[in-house]
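[1] Sequence and predicted structure are below.
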Amino acid sequence: MVQPSRAANGNKIASEGKLASMDEAAEFFSAGKAAHQAGLLADAIALYGRAIEKRPDYAEAHNNLGNVLGEAKRHAEAAASLARAAELRPELAAIHSNLGLALARLERFEDAAASHRRALALQPDLAEAHNNLAMALKELGRPEEAITHYRRAIKLKQGFAPFHHNLANALSTLARYDEALSSFQHAIALNPKLAGAHDSLGLALMALDRGEDAVASFRRAIEFDAGQASFHLHLATALQDLEQFAEAEEAYARAVTLAPGMAAAHASRGLALLEAGRRAEALESLERAIAADPAAAPAYYYRQRASEHVPRDSDVATLEALAAASAGKSPDARYGFHFSLADAYEAQGNFDSAFENFRIGNELRRGAVSYNEGAVRERLQRIQRMFTPARLADHAREGSESEQPIFIVGLPRSGSTLLEQILASHPQVAGGGERPLLAKLLAAVRLEDRPPAEFPDYVPDLRPGDLRLLGERYVGLLAANRPPAPRLLDKYLANHAYLGMIAMMLPRARILHIRRDPRDALISAYCQPFSGNAQPQSYDLGELGRHYRLYAGMMEHWRKTLVEGSLLEVRYEALVDDLEGSLRPILDYCGLPWDERCLTFHETRRPVRSASLTQVRRRLYRSSIGRWRHFEAHLGPLFEALGPDSRD
């Protein structure tokens, strides 16, 4: 939770001003302060109003009235009162900073920043103004500038935990999580009961995929402030990510109970219900979110994905108005409307307008994610150099004997969720979701008597027994919180970089590579706002095409390197055209008997946590094949980046 700071209270400003003798205005002013301190906001507002009636040019009363109105969430009135105070006493920095806070609450962030800058021009060492200017800059999508001012505030007012908390939030916005964690921990060390810092730390830990640690942080936040609905909402989201669905549902219900008008709680609960296949309940929650906040972008997006109907012109007009009204807001507040509007236009067949809004949405998202194309290329090249046919042959008999894991790898939006749903409909298969279990396990490897090294640099130092142990640990992680089953699915798509390690750790595992026309897969990814920092290459057509070439090169390496029969290629288009004919060899490869339930996969009731959560609950359809052609006129940068790999 962001921590604003009022620059000064009425006492300080009053001491700086020239108060008259204790006339009636001063008496009402003093009574207003006493009521405010006692938490009697309505009384304080009335008393400050009487003081102003008696003395209309009473700047201190206008200032204090504005602050109390802000606490009462009467933000427009607060801004008007503080603006009047600033007119009367333009030389007082504190009043300008308080006005900036009121303007920020009205989401007038440019005006808010201007007020804080006026305050700092008058008083450069006003720590609160630096903090509040930073808040406005962060909302304007300028986190680097915000960090500069947060650091200045901390230097001016050392030992104040909320400033460290706010700095950590800004660092998290830039995905500078190591620095952010340090600042969160500093804030908590200064004030262990600062519930908001525990909550924000949990959000950063979620971004790092440290779900269990995030849950612990959210629980600590709730321990110190059980009445804060957002803490329960964040706990629910973390539990949902860990697939602890019953506990997540309880936390969602608690959030909605505490804050019936909290649109984010209804929207997130709606998504969770949608993932569980409870479509009617999901739509009800999403409608409640929109009723609570007509500008709740995620609710519109999920509602549209859940809907089985072409959007009405009135729905499109609503989204057009919301997208236009969001123009001055932060990128996070804007992109959802553009993706929702683009989906609506596409559903109506207005492909040019759809693409324009996809483009705007992607530009807004690209600025909020961290993607280093060169680092990705260098890492994949290191892996290819490390895993040679000779090395795989040398370690061929050292891994675990487990046959449980079935890996599904491929591009995002390539049909992996469909394939998982089909296989998870088999009674001998348990779905494993899309969690980076293997990536985290390999990142944590530390060898005795060897200096710390990252994957894959430590591979040559692996000793007899290491691969078996790693394989068994991975199977344990995959089986955790799963019903017992002979086969367990893992469809974390980035596992395509680890196929050599899988072959050494788990030589009896099955690997399915789902392939789709890259033009369809890539445009589908471009049209999808992934959560957090997932798939960061997807928000720029050039980066998207070049990433495909890196992926395709990696898979070609494995085809040449892995033992024949280690990998089965599956075509998405073939699954759609002939499900039974395509499925029989897949089941044979996985050592599974034929089961008719795989053909009615859309009736299987299990949580589905991917961008395809609604599609896999429908019968097979071909409408997504050739989708790229609708946008062909706009895809020049993608085709240029793909080069000869534009078809698979």
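    All right, it came through fine.

[2] outside of the longest helix along the chain, which residues touch it?
    Looking across the chain with DSSP state H, the single longest helix is helix 541-561. For helix 541-561, the surrounding residues in contact (C-beta atoms under 8 Å, 6 or more residues apart in numbering) are 371, 373, 376-377, 380, 383-384, 387-389, 392, 411, 496-497, 499-500, 513, 518, 522, 525-526, 537-538, 567, 635, 637-643, 645, 648. In short, each C-beta sits where N, CA and C put it, glycine included.

[3] Can you say which of those are buried?
    Burial by neighbour count, 16 or more other C-beta atoms under 10 Å: within the contacts of helix 541-561 this picks out 371, 376, 380, 383-384, 387, 392, 411, 496-497, 499-500, 513, 518, 522, 525-526, 537-538, 567, 635, 638, 641-642, 645, 648.

[4] Among the residues you listed, which lie within strands?
    513, 567 (DSSP state E).

[5] what about stretch 62-69, distance to the chain center?
    36 Å (C-alpha atoms, centre = their mean, to the nearest Å).

[6] if we look at that stretch, which residues are touching it?
    By C-beta under 8 Å, 6+ apart, the residues outside stretch 62-69 that reach it are 6, 9-10, 13, 29, 32-33, 36, 41, 44-45, 48-49, 52, 75, 77-82, 84-85, 88-89, 94-95, 98-99, 102.

[7] One more: stretch 39-59?
    Against stretch 39-59 from outside (C-beta under 8 Å, 6+ apart): 13, 17, 20, 23-26, 28-29, 31-33, 35-36, 61-62, 64-65, 68-69, 71-72, 84-85, 88-89, 92, 95.

[8] Separate out the buried members of these.
    13, 17, 25-26, 28-29, 31-33, 35-36, 61-62, 64-65, 68-69, 84-85, 88-89, 92, 95.

[9] Mind checking which of the residues you listed land in helices?
    Counting by DSSP H, the buried ones among the contacts of stretch 39-59 place 13, 25-26, 28-29, 31-33, 35-36, 61-62, 64-65, 68-69, 84-85, 88, 95 in helices.

[10] on that earlier part again, and the buried ones among the contacts of helix 541-561, which of them are in helices?
    Those of those lying in helices (DSSP H): 376, 380, 383-384, 392, 499-500, 518, 522, 525-526, 638, 641-642.

[11] How about the secondary structure of residue 489?
    Taking DSSP: H, G, I helix; E, B strand; the rest coil as the rule, one finds residue 489 in the strand state.

[12] How about the contacts made by it?
    So residue 489 contacts 406, 408, 420, 423-424, 429-433 (C-beta under 8 Å, 6+ apart).

[13] which one of those residues sits closest to residue 213?
    Of all the contacts of residue 489, residue 213 sits closest to residue 433, with 18.9 Å by C-beta to C-beta.

[14] Around that closest one, how many other residues sit close by?
    Close neighbours of residue 433, defined as other C-beta atoms under 10 Å, add up to 23.

[15] One more: residue 453?
    Counted with other C-beta under 10 Å, residues neighbouring residue 453 total 14.

[16] just to confirm, which helix or strand has it in it?
    Assigned by DSSP states H and E, residue 453 falls within no helix or strand.

[17] Same check on residue 363?
    Counting by DSSP H and E, the element that carries residue 363 is helix 351-366.

[18] and that helix, how far from the chain's centre?
    For helix 351-366, the distance to the chain centre is 19 Å (C-alpha atoms, centre = their mean).

[19] Show the average pLDDT along that helix.
    Taken as a whole, helix 351-366 has a mean pLDDT of 95.

[20] what's the angle from it to helix 541-561?
    80 degrees (axes from the mean of the first three to the mean of the last three C-alpha atoms, to 10 degrees).

[21] Please name every helix or strand in contact with the strand or helix carrying residue 476.
    Using DSSP H and E, the element containing residue 476 is helix 466-479. Under the contact criterion of 3 or more C-beta pairs under 8 Å, 6 or more residues apart in numbering; DSSP states H and E, helix 466-479 touches strand 405-410, helix 437-443, strand 487-490, helix 499-505.

[22] Could you pull up the residues touching residue 445?
    Going by C-beta under 8 Å, 6+ apart, residue 445 touches 455, 458, 470.

[23] burial of the first one, as a residue count?
    Neighbour count of residue 455, defined by other C-beta under 10 Å: 19.

[24] hang on, isn't it packed against residue 443?
    Yes: here residue 455 reaches residue 443: they are 6.3 Å apart, a contact under C-beta atoms under 8 Å.

[25] what about this protein, any weak spots by pLDDT?
    1-22, 604-623, 645-648 (pLDDT under 70).

[26] Against residue 461, how distant is residue 455?
    Using C-beta to C-beta, to the nearest Å, residue 455 is found at 12 Å from residue 461.

[27] Pull the residues that contact stretch 318-336.
    Residues outside stretch 318-336 that contact it (C-beta under 8 Å, 6+ apart) are 107-110, 138-141, 294-295, 297-298, 300-301, 337-338, 340-341, 344, 357, 360-361, 364-365, 367-368, 529.

[28] List only buried entries from the residues you listed.
    Looks like those have 107-109, 138-141, 295, 297-298, 300-301, 337-338, 340-341, 344, 357, 360-361, 364-365, 368, 529 buried, using 16+ other C-beta under 10 Å.

[29] Restricted to helices, list these.
    109, 138-139, 297-298, 300-301, 337-338, 340-341, 344, 357, 360-361, 364-365.

[30] Quick check, central residue of this protein?
    The C-alpha lying nearest the average C-alpha coordinate of the chain belongs to residue 532 (C-alpha atoms, centre = their mean; 2.8 Å).

[31] For the residue lying closest to it once chain neighbours are set aside, give me its contacts.
    Excluding the flanking residues, the one nearest residue 532 by C-beta to C-beta, 6 or more residues apart in numbering is residue 207, at 5.6 Å. Counting by C-beta under 8 Å, 6+ apart, residue 207 makes contact with 172, 175, 177, 532-533.
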